[in-house]
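Asks: Just to be clear, the model below is a prediction. Sequence and coordinates:
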Amino acid sequence: AQSVTQLGSHVSVSEGALVLLRCNYSSSVPPYLFWYVQYPNQGLQLLLKYTSAATLVKGINGFEAEFKKSETSFHLTKPSAHMSDAAEYFCAVSDRGTGTGTASKLTFGTGTRLQVTL
Amino acid sequence: DTGVSQDPRHKITKRGQNVTFRCDPISEHNRLYWYRQTLGQGPEFLTYFQNEAQLEKSRLLSDRFSAERPKGSFSTLEIQRTEQGDSAMYLCASSFPVGRSYNEQFFGPGTRLTVL
């Protein structure tokens, strides 16, 4: 079974400050890892994904995440927060779907709401 | 480029009524997923189709829930005899086969269900 733990349900940063959203995962098989962003009353938009090609993954809107196997972590960072970054962020894990018909469903964390203040 | 679309966006119904939601995936995608998201939680997997075949269902999907994807294109999710606990956002996602896409799933805007 796979699981994701997101530490901190709410994170508040000042505009221009570093953003750090924490994600730890549990998986018995090599995982794929994802960060999604959700704005109010909208679906989820993919920020970035880890597929084992590189441990430091760059995504859209200046976000990046580093896969650390020894720490089972995949924390999301952005050097300088912008007001438009205020949203809910979800970390997700899936297997690699090597079996025929394997669902490769995403297992999500409970989310971190990012607030950006002036 | 049309993404994943869902209809309706909002549905308010009375307890005991049946409701049906529709999802239109990205046309080239053969995999389609349904998730449910309750307030303050992350999405939870409900069921999955590969083409027209429903290959996996979560234990969350009670007998009152049924999903179809008759021609391997759009999908419907029906909830019979709705209960207040069914109030949630229902999200649809689609993807290419994992080997081609690293399981990148594209989500629709969701259908928000309120059961009174």
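Replies: Perfect, I can see it now.
Asks: okay, CA-based contacts and neighbour counts for the rest of this
Replies: Fine.
Asks: what pairs with the host helix or strand of residue A:35, and is each one parallel or antiparallel?
Replies: Using DSSP states H and E, the element containing residue A:35 is strand A:32-38. Using DSSP bridges, the strands paired with strand A:32-38 in its sheet are strand A:44-50 (antiparallel), strand A:87-94 (antiparallel).
Asks: Which parts of chain A are strands?
Replies: Along chain A, the stretches classed as strands by DSSP state E are A:3-5, A:10-14, A:19-21, A:24-26, A:32-38, A:44-50, A:56-58, A:64-68, A:73-78, A:87-94, A:107-108, A:112-117.
Asks: quick one, which of those is nearest to residue B:7?
Replies: Closest approach to residue B:7 among the strands of chain A (Cα to Cα): strand A:44-50, 16.2 Å.
Asks: Give me the mean pLDDT for the closest one.
Replies: Average pLDDT, strand A:44-50: 94.
Asks: Would you mark the buried spots in it?
Replies: Judged by neighbour count (16 or more other Cα atoms under 10 Å in any protein chain shown), strand A:44-50 contains these buried residues: A:44-50.
Asks: go on, stretch A:58-73?
Replies: By 16+ other Cα under 10 Å, the buried positions in stretch A:58-73 come out as A:58, A:63-67, A:73.
Asks: Please report the distance of the most centrally placed residue in chain A from residue A:6.
Replies: In chain A, the C-alpha nearest the mean C-alpha coordinate belongs to residue A:35, at 2.8 Å (Cα atoms, centre = their mean). According to Cα to Cα, to the nearest Å, residue A:35 and residue A:6 sit 11 Å apart.
Asks: Same question for residue A:43.
Replies: Using Cα to Cα, one gets 19 Å for the distance from residue A:43 to residue A:6.
Asks: so the residue nearest the centre of chain B bridges to which residues?
Replies: Chain B has residue B:34 as the residue nearest its centroid, 3.1 Å off, counting by Cα atoms, centre = their mean. Here residue B:34 sits in beta bridges with residue B:47, residue B:92, as judged by DSSP bridges.
Asks: Kindly state the pLDDT recorded for residue 4?
Replies: In the absence of a named chain, this looks at chain A. 96.
Asks: Please refer instead to chain B.
Replies: Residue B:4 carries a pLDDT score of 96 in this model.
Asks: Run a quick neighbour tally on the residue nearest to residue B:43 when sequence neighbours are not counted.
Replies: Leaving aside its chain neighbours, residue B:43 sits nearest to residue B:37 (4.3 Å; criterion: Cα to Cα, 6 or more residues apart in numbering or on different chains). Residues lying near residue B:37 (other Cα atoms under 10 Å in any protein chain shown) number 18.
Asks: so who does residue B:37 touch?
Replies: If a contact means Cα atoms under 8 Å, 6 or more residues apart in numbering or on different chains, then residue B:37 has B:43-44, B:88-91 as its contacts.
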